[in-house]
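> A predicted structure for the sequence below; I have some questions about it.
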Amino acid sequence: MTLVPLPHRVVGRHRETADTVTIDLEPVGTPLTPFAPGQYAMVYAFGVGEIPLSVCRTDEDGRLTHTIRAVGAVSRALCGLQTGAWVGVRGPFGTRWDVTAARGHDVLVVAGGIGLAPLRPLIHAVLDEYHVYGRLNVLAGARTPDDLLYQDEFRTWKKPFSAVTVDRPTGGWTGRVEVVTTLLDEAQFAPADTTAFVCGPEVMIRATARELIHRGVRPDRIQISLERNMRCATGHCGHCQLGPLLLCRDGPVVGYDLAEPLLTVREL
């Protein structure tokens with residue numbers, strides 16, 4: 001783990017949606033310790049500030065890929081960077097998706113909105129060793145068709161069962177117009193032998209987890225990512241506290257069996 005930001009250069013940039021950009025960062029000098037799926041970095045926009053960002057892809061040479069939605073001063077600054085620009089990066093931080101626990105099980109990935117970004121390296125990790133897992137299901141939901149991430153890549157995931165749905169159809173959309181939990185009716189998994197990975201808005205996480213439990217998936221077999229209010233990455237500022245958890249340190253990936261009693265407490 002590196003606590004001091006190390007210089008990285010923007011070497012690639014791709015606009016995903018009207019307000020979301022994916023950038024590739026290349027280390028200038030010594031690369032950071034490799035990131036595991038689910039971990040995050042603190043990315044610093046010079047002169048503006050830093051924010052925590054999940055790593056949605058890593059390369060052996062230390063290159064990092066982040067998908068960023070412009071919702072604040074720092075994220076807007078990072079989304080506006082062009083190839084050749086510099087940023088500071090420190091990490092890796094946080095807990096990882098426990099992919100090992102899913103070996104021999106059906107794998108169910110459920111994403112809402114930009115929640116697909118932290119799940120992307122997990123999907124690739126399963127596809128890289130597909131023979132040691134059961135069936136892979138990738139279910140994604142978004143506000144509109146224009147908000148769906150990785151649309152070209154999504155279509156190339158041949159092995160898993162994959163499906164998408166939106167809240168509001170636009171632009172001649174002919175696909176599903178429902179909440180993401182309805183896609184579970186078509187997914188191919190045995191609830192008693194399934195490990196689920198869920199990321200998205202908290203209301204979507206709770207609804208998905210409740211539906212999975214109702215169908216027979218054990219709460220301790222449901223892993224969720226809670227990336228709310230993280231600021232310092234070292235557990236000192238307290239902004240990300242959820243009951244006894246400091247999510248920047250004890251998360252962002254936690255088991256739903258641990259998170260459920262905390263998420264149901266009003267204003268916690």
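Right, received. Where do you want to start? Fair warning: this is a prediction, and the values are worked out from it, not measured in the lab. Residues are numbered from 1 along each chain as shown.

> Going by C-alpha atoms from here, please, whenever you check contacts or count neighbours.
Will do.

> Show me the shaky parts of the stretch 151-268 of the chain.
158, 267-268 (pLDDT under 70).

> quick one, helices of it?
151-156, 202-215, 247-250, 256-263 (DSSP state H, counting those that start in this stretch).

> would you list these in a markdown table and tack on mean neighbour count and distance to residue 15?
Putting the helices of the stretch 151-268 of the chain into a markdown table (neighbours: other Cα atoms under 10 Å; distance: least, Cα to Cα, whole Å) gives the following:
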| stretch | mean neighbour count | distance to residue 15 |
| --- | --- | --- |
| helix 151-156 | 10 | 12 |
| helix 202-215 | 17 | 25 |
| helix 247-250 | 23 | 28 |
| helix 256-263 | 16 | 33 |
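
> Those helices into TSV, with extra columns for distance to residue 179?
Conversion of these to TSV gives the following (distance: least, Cα to Cα, whole Å):
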stretch	distance to residue 179
helix 151-156	19
helix 202-215	9
helix 247-250	27
helix 256-263	20
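
> which ones are touching the residue nearest the centre of the chain?
The chain has residue 118 as the residue nearest its centroid, 1.8 Å off, counting by Cα atoms, centre = their mean. Residue 118 is in contact with 37, 38, 54, 55, 56, 199, counting by Cα atoms under 8 Å, 6 or more residues apart in numbering.

> Out of the residues you listed, who's the most crowded?
The residue in the contacts of residue 118 with the most neighbours, by other Cα atoms under 10 Å, is residue 54 (28 neighbours).

> Now do the same contact list for it.
Residue 54 makes contacts with 38, 39, 40, 41, 66, 67, 117, 118, as judged by Cα under 8 Å, 6+ apart.

> next one: residue 190
Counting by Cα under 8 Å, 6+ apart, residue 190 touches residue 106.

> excluding its backbone neighbours, what's nearest residue 239?
residue 229 (5.6 Å; Cα to Cα, 6 or more residues apart in numbering).

> neighbours around that neighbour, how many?
14.

> picking up where we left off before, write the PyMOL selection for whichever of the contacts of residue 54 are buried.
Restricted to buried positions by 16 or more other Cα atoms under 10 Å, the PyMOL selection for the contacts of residue 54 reads:
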select buried, resi 38+39+40+41+66+67+117+118
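
> picking that back up, tell me which of the helices of the stretch 151-268 of the chain lies nearest to residue 6.
Of all the helices of the stretch 151-268 of the chain, helix 247-250 sits nearest to residue 6, with 19.5 Å by Cα to Cα.

> now, the most widely separated pair of the contacts of residue 118?
Pairwise distances across the contacts of residue 118 (Cα to Cα) peak at 13.7 Å, for the pair 55 and 199.
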